[in-house]
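In: Build me a model:
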Amino acid sequence: MIQVIFRQTIGVLLLTALAIPAVQAQVDTTFRREPLAFAAYLGQVGQQNLSYASQQFNVDVAQAAIAQARIFPDPTLGVGYFNNGQRRLQTGYGFLFQYSQTLELGGKRRARIHLAQSQTELAQATLLDFFRLLRADATLGFLEGIHRQRIFQIQQMNYRYLVQLAEANQKRNRLGTLSEVDAIQSRVEADNALNSLIQAEADWKTALIALGQFRSGLPKDTLYQPVGDLSRFDRTFALEPLIIQAQNTRADLLAARQGQDVAQKALQLARANRMIDLGLSLSNNYVSRITNIIEPTPSYNTLSAGIAIPLKFSNRYNSDIRIARLQSQQADLAYRQVEVQIRVEVTQAFEQYGAARRQIQQFNNDLLTRAQRVLEGRIYSYNRGESSLLEVLAARQTFNQLQLAYTEALITYASALVNLERTAGIWDIDF
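Out: Residues are numbered from 1 along each chain as shown. Below is the predicted model of the structure:
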C-alpha cells in the first residue's frame, strides 16, 4: 500500500517538473554531493564514530581489570646488618635475610576475579545499549537528510511554477489583457516562494552536514547525500509480543540485570575482605665468629619462621557490608524500573507508529493526484479567463501543502518505525 502511494507521489512530482520549465533560482545547488546508501552509512557509523570507539575502551579496561584481580600479593624481601661491637669488643657482627608473604584467606582473590568478570559483562552490555541508541539516532539523521532534500525539491518546483506564472502575467499586463495588480501579486508570490526555497536549501545542507557527527568526519569539499526507498517501512506488529521481545533482548535491561550481578559480587567481596590475612615470614641470621677471650664463639646461622595474625578490631563495624547491601538493593530497584520503562516506551512507540501508519493511509485515496487535477483545471480556466488569479494561487498552495504534508507524514512514519524497533530491541531496517 505504501509503495503504491509512494509511486503515485513520485509521478505527481515528475509530472509537475515536466510541466514547468527550468528557472534558475537564486540558490546554490551546485555543491559537490556523493550518494550514500543506508547500509554503507550504517557500517561507517559502526567503524568511525568516535563516541562509540571511546565506549569500547570501557570493555578493554574491564578486561584488563580481570588480569589485575588475579594478581597475588607481592612478597617482601628484607636484608639487614648488625654489629655487636666487633672492633672494640670482638663480639662479632652479622647479616639478616628475611622473606615475608601475605596469605589471603576467605576467598578474596576469587571474589575479586568474579567481580571483575561481572563488571566486564556489564561493560559489554552497556556498549551494546550504546550502539542500539547510536544506530537509531544515526538512522533518524539519515532520514532527516532525505526529508530535507524532498522539501527542497518541492519548494523549488513551487518557486519555478510561480516564476513562470509571474513572467506570463507580466507579458499579459503589457498586452493589456491582465491588470497590473494581478501582475504584481504574481511577482509577490514568487518572491515569497524564493524565501521559502532559500530556507529549505539551508535546512537541507544543515541536515547533510549533521551526518558528519555520526561518521565522525566531514569532507572539506563534499557532502554525502542519503539515498533510500522510503516505501520500505511498512510493518505489522502486535503489542504484547513486542514487549516480550524487548524484555528478552533490550541491552539496557541486560545491563541492569548484570548490574544486579555486579552488586552481588561486590557484596561477596566485602564479606571476603572481612576475613583475616596471615603474614608468613622466613628469616636467616648469620652471626660471625666471636674472638674475645671471655666467650669465644664460632660463627653460626639461625633459621626462623613466623606467622603474623592481624587483630581485626575494624570488623566491629560493618559499614562496608551495609553499603554493599544497599547498593545491591539499589540495583534491584533499577532493574525493576528498567522493566517498567521498557513496557511504557514500547507501548508509546507502538501507538505512535500506528498513528503514523494511519496518517499515511489517508493519502491512499489519490489525494495528491486529485489536487494536481484541480490545479491543472484552474490553470486551464485561468488561461481562458474563466478563473481568477487568486483561485489559481489557492489551488497551487493547496497542492504544495499536500506534497509537504505527505513528505512529512512519510518521514514521520519511517521515524516511528525506527523508534519502535529501537525500543523493542529489534532491528531489520534497510532501505
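
In: Centre of this structure to the edge, which residue is at the far end?
Out: Most distant residue from the mean C-alpha position of the chain: Ile293, 87.6 Å away (Cα atoms, centre = their mean).

In: where's that residue, which helix or strand?
Out: Under the assignment given by DSSP states H and E, Ile293 is not contained in any helix or strand.

In: again with Phe95
Out: Assigned by DSSP H and E, Phe95 falls in strand 93-104.

In: now for that strand, which elements pack on it?
Out: strand 76-83, strand 277-287 (3 or more Cβ pairs under 8 Å, 6 or more residues apart in numbering; DSSP states H and E). For glycine as for every other residue, the C-beta is placed from the backbone atoms N, C-alpha and C.

In: ranking those by burial, who's on top?
Out: strand 277-287 (a mean of 15; mean count of other Cβ atoms under 10 Å).

In: Quick check: Gln170 touching Asp182?
Out: No. Gln170 lies out of contact with Asp182 (Cβ atoms under 8 Å); the separation is 10.1 Å.

In: hmm, back to that, using CSV, lay out the helices and strands packed on strand 93-104 together with mean pLDDT and distance to Ala53.
Out: Supplementary listing: the helices and strands packed on strand 93-104 in CSV, determined by pLDDT from 0 to 100; distance: least, Cβ to Cβ, whole Å:
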stretch, mean pLDDT, distance to Ala53
strand 76-83, 90, 42
strand 277-287, 92, 41
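
In: picking that back up, over the very next helix or strand once past the strand holding Phe95, what's the mean pLDDT, rounded is fine.
Out: The helix or strand immediately downstream of strand 93-104 is helix 108-175, counting by DSSP H and E. If you average the pLDDT over helix 108-175, you get 92.

In: now swap in stretch 90-102 and tell me
Out: Across stretch 90-102, pLDDT averages out at 89.

In: Name the surrounding residues that touch it.
Out: The contact list for stretch 90-102, computed with Cβ atoms under 8 Å, 6 or more residues apart in numbering, reads 73, 75-86, 277-292, 297, 299.

In: what does the domain assignment say about this protein?
Out: Following automatic domain parsing, one finds the domains of the chain at 2-71+107-274+318-424, 73-104+277-311.

In: Of these, flag the one that's most buried.
Out: domain 2-71+107-274+318-424 (a mean of 17).

In: ranges for the strands of the stretch 151-300 of the chain?
Out: 223-227, 277-287, 300-308 (DSSP state E, counting those that start in this stretch).

In: Any chance of CSV for these, columns distance to Asp252?
Out: Supplementary listing: the strands of the stretch 151-300 of the chain in CSV, determined by distance: least, Cβ to Cβ, whole Å:
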stretch, distance to Asp252
strand 223-227, 28
strand 277-287, 39
strand 300-308, 48
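
In: between those, which gets nearest to Gly377?
Out: The closest of those to Gly377 is strand 223-227. By Cβ to Cβ, the value is 34.7 Å.

In: what pairs with that closest one, and is each one parallel or antiparallel?
Out: With DSSP bridges as the test, strand 223-227 is paired with strand 33-37 (parallel).

In: which is the next helix or strand following the partner strand?
Out: helix 38-48.

In: which strands and helices sit next to that next one?
Out: helix 108-175, helix 212-215, strand 223-227.

In: Mind doing that once more with 10 Å?
Out: helix 50-69, helix 108-175, helix 212-215, strand 223-227 (3 or more Cβ pairs under 10 Å, 6 or more residues apart in numbering; DSSP states H and E).

In: looking at these, which is closest to Arg250?
Out: Across those, closest to Arg250 is helix 108-175 (Cβ to Cβ), at 7.7 Å.

In: Show me the shaky parts of the protein.
Out: Low-confidence segments of the chain (pLDDT under 70): 1-31, 217-220, 364-365.

In: how close does the most centrally placed residue in it get to Ser51?
Out: Closest residue to the average C-alpha location of the chain: Leu134 at 2.2 Å, with Cα atoms, centre = their mean. As judged by Cβ to Cβ, to the nearest Å, Leu134 and Ser51 stand 7 Å apart.

In: could the helices and strands packed on strand 93-104 be laid out in TSV, adding distance to Leu162?
Out: As requested, the helices and strands packed on strand 93-104 are exported to TSV (distance: least, Cβ to Cβ, whole Å):
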stretch	distance to Leu162
strand 76-83	89
strand 277-287	86
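
In: nearest to Ala270, of these?
Out: Across the helices and strands packed on strand 93-104, closest to Ala270 is strand 277-287 (Cβ to Cβ), at 15.1 Å.

In: Tell me which strands the closest one pairs with, and in which orientation.
Out: strand 93-104 (antiparallel), strand 300-308 (antiparallel).

In: With distance to Gln329 as added columns, please give those in CSV.
Out: Listed next are the strands paired with strand 277-287 as CSV, based on distance: least, Cβ to Cβ, whole Å:
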stretch, distance to Gln329
strand 93-104, 28
strand 300-308, 37
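
In: For Ala334, which of those strands is the nearest?
Out: strand 93-104 (31.5 Å).

In: and Trp427, how many residues sit next to it?
Out: Trp427 has 15 neighbours, counted by other Cβ atoms under 10 Å.

In: what's the answer for Phe313, then?
Out: Neighbours of Phe313 (other Cβ under 10 Å): 7.

In: Helices of the stretch 251-400 of the chain, residue ranges please.
Out: Along the stretch 251-400 of the chain, counting by DSSP state H, counting those that start in this stretch, helices occupy 251-273, 319-361, 367-383, 389-424.

In: could those go into JSON lines alongside distance to Ala111?
Out: Compiled in JSON lines, the helices of the stretch 251-400 of the chain are given as follows (distance: least, Cβ to Cβ, whole Å):
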{"stretch": "helix 251-273", "distance to Ala111": "4"}
{"stretch": "helix 319-361", "distance to Ala111": "11"}
{"stretch": "helix 367-383", "distance to Ala111": "67"}
{"stretch": "helix 389-424", "distance to Ala111": "37"}
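
In: was I right about Tyr382 contacting Ser388?
Out: Yes. Here Tyr382 reaches Ser388: they are 7.4 Å apart, a contact under Cβ atoms under 10 Å.
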